[in-house]
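Peer 1: just coords:
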C-alpha cells in the first residue's frame with residue numbers, strides 16, 4: 001500500500017521534531033530486582049527494534065518518492 005506524498009506540514013514536522021516517529025513507548029516494571037531489570041531491558045530492546053524498523057521503512061518510502069520526482 002503506497003502512502004500519499006507528505007504535505008508541507010508533515011515535512012516540517014519530520015525536519016523539526018520527533019513527533020512523527022509513531023512507535024509505542026515501552027511500559028516499565030517498577031523495582032530494582034534482577035527480574036525487573038531484565039524485563040525492562042528486554043522491553044527497551046524491543047522498543048528500539050520497532051523504532052529502527054519504523055525509521056528504515058519511512059526512509060525507504062521517502063527515497064522512493066524522491067526517485068519518482070527525479
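Peer 2: Received, thanks. Predicted, not measured: the structure shown is a model, and the values here were computed from it.
Peer 1: Show me where the protein dips below the pLDDT cut-off.
Peer 2: Residues of the chain meeting the criterion pLDDT under 70: 1-4.
Peer 1: Residue 13 - how many residues pack around it?
Peer 2: Using other CB atoms under 10 Å, residue 13 has 14 neighbouring residues. Yep, even glycine has a C-beta here, placed from its N, CA and C like the rest.
Peer 1: ok, it - contacts?
Peer 2: With contacts defined as CB atoms under 8 Å, 6 or more residues apart in numbering, residue 13 is in contact with 19-20.
Peer 1: One more: residue 36?
Peer 2: Residue 36 neighbours (CB under 8 Å, 6+ apart): 29-30.
Peer 1: Any figure for the gap between it and residue 11?
Peer 2: Relative to residue 11, residue 36 is positioned 41 Å away (CB to CB, to the nearest Å).
Peer 1: One more: residue 46?
Peer 2: Residue 46 sits 29 Å away from residue 11, going by CB to CB.
Peer 1: again with residue 48
Peer 2: Residue 48 sits at a distance of 25 Å from residue 11 (criterion: CB to CB).
Peer 1: For residue 48, pull up the helix or strand it's in.
Peer 2: helix 34-69 (DSSP states H and E).
Peer 1: Quick check: buried residues in that helix?
Peer 2: 40, 58 (16 or more other CB atoms under 10 Å).
Peer 1: Off-centre distance for that helix?
Peer 2: 5 Å (CA atoms, centre = their mean, to the nearest Å).
Peer 1: Can you classify residue 24 by secondary structure?
Peer 2: Here residue 24 is recorded as coil under DSSP: H, G, I helix; E, B strand; the rest coil.
Peer 1: residues near it, how many?
Peer 2: Residues lying near residue 24 (other CB under 10 Å) number 8.
Peer 1: Same question for the one 4 residues further on.
Peer 2: Burial of residue 28 is recorded as 13 neighbouring residues (other CB under 10 Å).
Peer 1: if I look at the residue lying farthest from the centre of the chain, how far off is residue 40?
Peer 2: For the chain, the largest distance from the centre (CA atoms, centre = their mean) belongs to residue 33, which lies 29.4 Å off. For residue 33, the distance to residue 40 equals 11 Å [CB to CB].
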